[in-house]
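Colleague: take this sequence and fold it.
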Amino acid sequence: MKNLRSRFERFCLRNQRKGIPNLMLYVTVGSAIVYLISQFTQSSTLYSVLEFNRSLILQGQVWRLFSYVFTGTSGNFVLALISLYCYYSLGRAVEARWGTFRFNLFYFTGIILMDVFAMIFASPSFMLFWSDGVPVLFPADTYYTGMVTWLNLSLLIAFSTLYPDTHFLFFFIIPVKAWIFALIYLGLILFNVWNLSYPVFCFPHNLFPLIALANYFLFFGKDVANLIPLSWRVKARRTGGFHKPQPKTGPIPFHSGQKAQTQAPYHHRCTVCGRTDVSNPELEFRYCSKCNGYYCYCEDHINNHTHIQ
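Modeller: Numbering: from 1, shown residues only. You can find the predicted model right below:
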């Protein structure tokens, strides 16, 4: 599995400039156009043409398999503008870290997973919900408008994993680190999956958030640990017995008044923390393609360091 992941990362690095550059710019601009047209015309006709609809897709309207990504913006104009700008900024930052190809692969894989799940498990024309103990029927296709919301939330969690110490302004006042935001949204996802107010009739539609998470785990693997602060991880290793002390070396011999040159007893050494594959064999070590030179980093710092230029 580790070998397969390293092959995948090398493949992405070789092709990092391929794909659609600045993909989120096109997504946000398209969403803004759809939103503005709908606001000016006071009509949801354009949304109904673009939104996911399984029955119409089976009738030949295949563009709906992708066009629903432009239907995730609605409501107040100011909030819609802020959300579009946030998603664009998040996508641009993730693409800058990963490269165009890998980011495109991440976003389109999320779309494909959502499409496959919705096409297989799409419900009949109406779904049954319970509201204050009263059964309520509403069109099933309206439930699929939330697909793009979960897709964009997976983008937020991806950003928080790559940049865990970045600050967001909660209510435009309170600074909150990105990893805290990500954990909050993970809690919301689990709440939507296990919300007891949802009847059994909603299964498997309440699993849509997990499909977005599946895409996230598929691309990050063990790197999801970066959501946990580095200081916590180091402390956990030490208290849990994972931290191994540096190997002790004997006295350095002297010959003719000069120090004998000793070879480094390791193959990889982290540029930031100095840990090696000998002192910490449980760690993975990688080389950063963004740094100007051949710099090695451990799994804790490969996505959390200042690039050397």
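
Colleague: confidence score at the nearest residue to residue 150 once chain neighbours are set aside?
Modeller: Spatial nearest neighbour of residue 150, chain neighbours left out: residue 212 (4.0 Å); criterion: C-beta to C-beta, 6 or more residues apart in numbering. C-beta: built from backbone N, CA, C; applies to glycine. Looking at residue 212, its pLDDT is 77.

Colleague: which secondary structure element contains residue 212?
Modeller: Under the criterion of DSSP states H and E, residue 212 resides in helix 208-220.

Colleague: how about that helix: buried residues?
Modeller: 208-216, 219-220 (16 or more other C-beta atoms under 10 Å).

Colleague: next one: stretch 113-120
Modeller: So, applying 16+ other C-beta under 10 Å, buried residues of stretch 113-120: 113-115, 117-118.

Colleague: and stretch 165-182, how far from the chain's centre?
Modeller: Computed by C-alpha atoms, centre = their mean, to the nearest Å, the chain-centroid distance of stretch 165-182 equals 16 Å.

Colleague: again, but for stretch 298-309
Modeller: 18 Å.

Colleague: do the same with stretch 153-162
Modeller: 4 Å.

Colleague: for the record, mean pLDDT for that stretch?
Modeller: 85.

Colleague: now do it: everything it contacts.
Modeller: Residues from elsewhere that reach stretch 153-162, judged by C-beta atoms under 8 Å, 6 or more residues apart in numbering: 87, 90-91, 93-94, 97-98, 106-107, 110, 166, 178-179, 181-182, 185-186, 189, 209, 212-213, 215-216, 219-220, 223-224, 226-227, 303.

Colleague: how's this protein carved up into domains?
Modeller: As assigned by automatic domain parsing, the chain contains the domains 2-228, 230-242+265-309.

Colleague: tell me the mean pLDDT for the shortest one?
Modeller: Across domain 230-242+265-309, pLDDT averages out at 75.

Colleague: and for stretch 11-28?
Modeller: Averaged across stretch 11-28, pLDDT comes to 85.

Colleague: what's the offset of it from the middle of its chain?
Modeller: On C-alpha atoms, centre = their mean, the centre of stretch 11-28 falls 15 Å from the chain's centre.

Colleague: contact partners of it?
Modeller: Contacts of stretch 11-28 (C-beta under 8 Å, 6+ apart): 69-70, 84-85, 87-88, 90-92, 95, 98-105, 107, 289.

Colleague: may I see the buried residues of that stretch?
Modeller: Buried, per 16+ other C-beta under 10 Å, within stretch 11-28: 12, 16, 19-20, 23-24, 27-28.

Colleague: just the residues you listed: which are in helices?
Modeller: Members of the buried residues of stretch 11-28 lying in helices (criterion: DSSP state H): 12, 23-24, 27-28.

Colleague: now render the residues you listed as CSV, adding distance to residue 78.
Modeller: Supplementary listing: these in CSV, determined by distance: C-beta to C-beta, whole Å:
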residue, distance to residue 78
12, 37
23, 25
24, 20
27, 20
28, 16
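
Colleague: and which of these is nearest to residue 273?
Modeller: residue 12 (25.3 Å; C-beta to C-beta).

Colleague: if I look at the closest one, how far off is residue 19?
Modeller: Remark: distance between residue 12 and residue 19 (C-beta to C-beta, to the nearest Å) = 10 Å.
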